[in-house]
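1. here are the coordinates; sequence isn't available:
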């Protein structure tokens, strides 16, 4: 249903072009769930906007295509895109606090959205009440203003609003950022229940691999605008093939292995305005070899479902063994 | 309930402000050297005894605090005193001028704000386009020009050369309607209004326009605007949403603008020979006509303060976030 084919996105900035995303290929089947993980600035939010054809004016699709059910979104005029938006693809943004219109009640926001697609107010009210109950909110919140709701209520209202037309794709960009853990849990549970319901496909963006592991059947690990590794979530996180995934995985506490120490990957992601030659992760990789700094490894399929962009993918098992040592990550870079 | 508490507190603030204002203006006018009698003496032909008699008659020889208490007390009963110059009650002098000024300034303010917000929204929405740069400059040009100059140019062109509009004043003496539309009530005043209103709008429009434009450019980048686009709102609906959210700073500015409108625009009134508050204000000051001068300034200041109160109350209605703080 959603397919990103060799997508590259360039931002035009005062200091020159910035390649935010380069050559990303992803696909999300109907009812499926795909997680995008990576550090801040790895291009995951840009990809989310590209999937919705909502890139800001200073960003442009420099290559590749974004297809929704085979339809190239870049080829569609704005008027056609407008019809697709929210009816076919909806969006739960990072901050519900700022994404809801501050001066309008929720009812008004449901109605305005409905009106944009020719749905009458009475029907919108009815749908809104049902959806709010679905996200376990009282329908009375319809007459509240965003600032009168708690963070968790706002985010759930946001999800209810996203479901107004029963879209087939839901893009959620770090929907739990800024919420306390209990509320985060509620929002994640809600998304997990909704995923796959009526064939709803979920594109979930997060820096938290634990949440992605829970919500998504498939995952793509992004680094510096490129896919480092992709595949079924269960195997990618249990047997990471890319050193970056190995580091990322060990950067989060694991409740099943409390004795494991948490590592931080030394160094910073490269500046995308002047990307380094070779593998983008090379400057921070503890296993770096001369070839890594010269040649960019292509993303190659290692099995039916998995793909990895690393020169040493054949030695992944040995690297995984060495990656267990926390000291290794401290020494790198 | 919380709203009424807030409203009551704000109203009390306003009352205190007005009393202080009254005191301040009283002192200010007394600081001007000379008193009404010196002006009346003019060339000094009147004997000094007569001047002294006048001072006693008007109470100008009493201590200042006594004069103030008398003044404030009379004001509370609606008595603004007698004009030293016209020898008639102040209200009789000020009231018609205030009405004339409102006839002129109401259209100026309303058109300026409506046009300013509309054009400001339009320009802000097209931020970065060539037309936006040109539009912003065009809007600023008349603001940089003196209003009397614009007035004179308009008069020279449309009144003197083309003879479309009268050359000044508010009514034509002995106006005889010739066609049906000339018989409409206010037709005569309306045609006298066109040029001064045009000059006023040209100069007053730029501020609300630029404020709205700046606020709109900021609002455009808010998350909720991206979200509105994601929701499939039409461009018009998105723009209306941005306009609504960008309007609050203009509202604040409007209150001040409307308040000052009560004082009229002196230059506009002089150029177009409009019998309004601005001219009365200037004349009464130069004639040391304290009661009239104080009344005109007080009317204007009270209008500014009261409108600020109204806007503060309206804010809560326009921005629900404020209502609950």
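-> On my side now, so go ahead. None of these values were measured; they are calculated from a predicted model.
2. ok, whichever residue of the stretch 151-300 of chain A sits closest to chain B - how many residues close by?
-> Nearest to chain B in the stretch 151-300 of chain A, going by Cβ to the nearest Cβ, is residue A:161, at a distance of 7.8 Å. Every residue, glycine included, has its C-beta placed from N, CA and C. Per other Cβ atoms under 10 Å in any protein chain shown, the neighbour tally for residue A:161 reads 25.
3. secondary structure element for it?
-> Using DSSP states H and E, residue A:161 sits in helix A:151-162.
4. How about residue A:227?
-> Residue A:227 is part of strand A:226-232 when elements are defined by DSSP H and E.
5. show me what contacts the spatially most central residue of chain B?
-> Closest to where the C-alpha atoms of chain B average out (Cα atoms, centre = their mean) is residue B:261, at 0.9 Å. By Cβ atoms under 8 Å, 6 or more residues apart in numbering or on different chains, the residues touching residue B:261 are B:101-102, B:105-106, B:108-109, B:303.
6. how distant is stretch A:101-113 from the center of its chain?
-> Relative to its chain's centre, stretch A:101-113 lies at 26 Å (Cα atoms, centre = their mean, to the nearest Å).
7. same deal with stretch A:62-79?
-> Per Cα atoms, centre = their mean, the centroid offset for stretch A:62-79 relative to its chain is 19 Å.
8. Next: stretch B:181-189.
-> Distance, stretch centre to chain centre, for stretch B:181-189: 26 Å (Cα atoms, centre = their mean).
9. one step back: quick one, phi/psi of the residue nearest to the centre of chain B?
-> phi -60, psi -30 (degrees, to the nearest 10).
10. Ok, residue A:169 next?
-> The phi/psi pair for residue A:169 (degrees, to the nearest 10) is phi -130, psi 130.
11. That one: what's it in contact with?
-> A:1-2, A:28, A:51, A:68, A:88-90, A:200-201, A:203.
12. Can you say which of those are also within reach of chain B?
-> When contact is defined as Cβ under 8 Å from any Cβ of the partner chain, the contacts of residue A:169 meet chain B at residue A:90.
13. Now secondary structure, neighbour count and pLDDT too, for the contacts of residue A:169, in CSV please.
-> Listed next are those as CSV, based on DSSP: H, G, I helix; E, B strand; the rest coil; neighbours: other Cβ atoms under 10 Å in any protein chain shown; pLDDT from 0 to 100:
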residue, secondary structure, neighbour count, pLDDT
A:1, coil, 18, 84
A:2, strand, 24, 93
A:28, strand, 22, 93
A:51, helix, 26, 92
A:68, strand, 21, 93
A:88, coil, 18, 93
A:89, strand, 27, 94
A:90, strand, 27, 94
A:200, coil, 21, 92
A:201, strand, 21, 94
A:203, strand, 26, 95
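14. ok, the contacts of residue A:169 vs residue B:242, which is closest?
-> residue A:90 (21.4 Å; Cβ to Cβ).
15. Can you name the residues that contact the closest one?
-> A:162-165, A:167, A:169-171, B:230.
16. Mind jotting down where the strands sit in the stretch 51-200 of chain A?
-> For the stretch 51-200 of chain A, applying DSSP state E, counting those that start in this stretch gives strands covering A:59-68, A:71-72, A:89-92, A:169-173.
17. Quick check: which of those strands has the most neighbours on average?
-> Greatest average neighbour count among the strands of the stretch 51-200 of chain A goes to strand A:89-92 (a mean of 27), per mean count of other Cβ atoms under 10 Å in any protein chain shown.
18. Count the residues that sit near residue A:284.
-> 20.
19. hmm, I was thinking of residue B:271
-> Residues lying near residue B:271 (other Cβ under 10 Å) number 22.
20. Surely it and residue B:152 touch.
-> Yes. Using Cβ atoms under 8 Å, residue B:271 makes contact with residue B:152 at a distance of 6.2 Å.
21. Next one, pLDDT for the residue nearest to the centre of chain B please.
-> pLDDT, residue B:261: 80.
22. one step back: report the strands that pair with the strand holding residue A:227, each with its relative direction.
-> Sheet pairing here is set by DSSP bridges, and for strand A:226-232 it gives strand A:218-223 (antiparallel), strand A:307-308 (antiparallel).
23. Quick check: residues of chain B near chain A?
-> By Cβ under 8 Å from any Cβ, the residues of chain B that approach chain A are B:128, B:222-224, B:226-235, B:237, B:241, B:244-245, B:318-321, B:324.
24. For PyMOL, write the select line for the buried members of those residues.
-> Selection of buried members from the residues of chain B next to chain A for PyMOL, criterion 16 or more other Cβ atoms under 10 Å in any protein chain shown:
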select buried, chain B and resi 222+224+226+227+228+229+230+231+232+233+237+241+245+319+320
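25. how far away is residue B:300 from chain A?
-> Distance of residue B:300 to chain A, given as Cβ to the nearest Cβ, to the nearest Å: 32 Å.
26. Setting the sequence-adjacent residues aside, check what's closest to that residue.
-> residue B:263 (3.5 Å; Cβ to Cβ, 6 or more residues apart in numbering or on different chains).
27. mind putting the strands of the stretch 51-200 of chain A in a markdown table, distance to residue A:223 included?
-> Output for these, formatted as a markdown table (distance: least, Cβ to Cβ, whole Å):
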| stretch | distance to residue A:223 |
| --- | --- |
| strand A:59-68 | 18 |
| strand A:71-72 | 27 |
| strand A:89-92 | 24 |
| strand A:169-173 | 18 |
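28. now for the ones you listed, which one comes closest to residue A:137?
-> strand A:89-92 (14.7 Å).
29. so how far is that closest one off the chain centroid?
-> Here strand A:89-92 is found 12 Å from its chain centre; the criterion is Cα atoms, centre = their mean.
30. before we move on, what about stretch B:136-153?
-> The answer for stretch B:136-153 is 18 Å, by Cα atoms, centre = their mean.
31. Same question for stretch A:190-200.
-> When distances are taken as Cα atoms, centre = their mean, stretch A:190-200 is centred 16 Å away from the chain's centroid.
32. distance between the ends of it?
-> This stretch, stretch A:190-200, spans 13 Å end to end (Cα to Cα, to the nearest Å).
33. For stretch B:119-133, which residues meet the burial criterion?
-> For stretch B:119-133, using 16+ other Cβ under 10 Å, the buried residues are B:119-125, B:132.
34. Up against chain B, what does chain A have?
-> Neighbours of chain B within chain A, by Cβ under 8 Å from any Cβ: A:49, A:52, A:54, A:56-57, A:78, A:82-87, A:90-91, A:93-95, A:98-103, A:105, A:112-113, A:115-117, A:145, A:147-148, A:161.
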